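**Q** Next input, structure requested:
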Amino acid sequence: MTGNVLVEVGAERKRQDSIFGTQNHRDGTSDHPVSRRISDGYRDICRRITQEGDVTWKDILSEEVYEAYAEADPVLLRAELVQVAAVAVAWIEAIDRRPPVSAEEAC
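**A** Okay, the predicted model is just below:
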């Protein structure tokens, strides 16, 4: 299942490159105390929601994204972004495991 999702991700990356070309932007992340506080806040929220038994994929992905935003070291930022990608793939896999929704149920 993961392999299929990664093939789709690879195809999307090819599409992006064909539209935008190779892109090289600044990271824009920071270990500024405000960034760190926001990251810590999301981690605490996610832990609390998990303990309450109501965690969502949005909560988990948000925690990982904000941890990446709060990382200035390129090596650690890369590791955080791998975690972001892995959670996104896991979320896609969870969607793919769901039973199909009929047109009547979707309305």
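
**Q** switch to C-alpha atoms for all contacts and neighbour counts from now on
**A** OK.

**Q** what ranges do the strands span in this protein?
**A** Using DSSP state E, no strands are found in the chain.

**Q** in it, what spans have low per-residue confidence?
**A** Within the chain, the segments meeting pLDDT under 70 span 106-107.

**Q** What are the neighbouring residues in contact with the residue positioned nearest the centre of the chain?
**A** The centroid of the chain falls nearest to Val84 when counting by CA atoms, centre = their mean (3.7 Å). By CA atoms under 8 Å, 6 or more residues apart in numbering, the residues touching Val84 are Leu61, Glu64, Val65, Ala68.

**Q** Select from those the one having the most neighbours.
**A** Ala68 (26 neighbours; other CA atoms under 10 Å).

**Q** measure it to Glu12 for me?
**A** Ala68 sits 22 Å away from Glu12, going by CA to CA, to the nearest Å.

**Q** Arg47 now?
**A** Relative to Glu12, and taking CA to CA, Arg47 is found at 32 Å.

**Q** one step back: pull the most distant pair out of the contacts of Val84.
**A** In the contacts of Val84, two members sit farther apart than any others by CA to CA. They are Leu61 and Ala68, at 10.7 Å.

**Q** Quick one: neighbours of the closest residue to Ser35 other than its chain neighbours, just the number.
**A** Distances taken as CA to CA, 6 or more residues apart in numbering put Ala70 closest to Ser35, at 4.9 Å, once the chain neighbours are dropped. Using other CA under 10 Å, the number of residues around Ala70 comes to 23.
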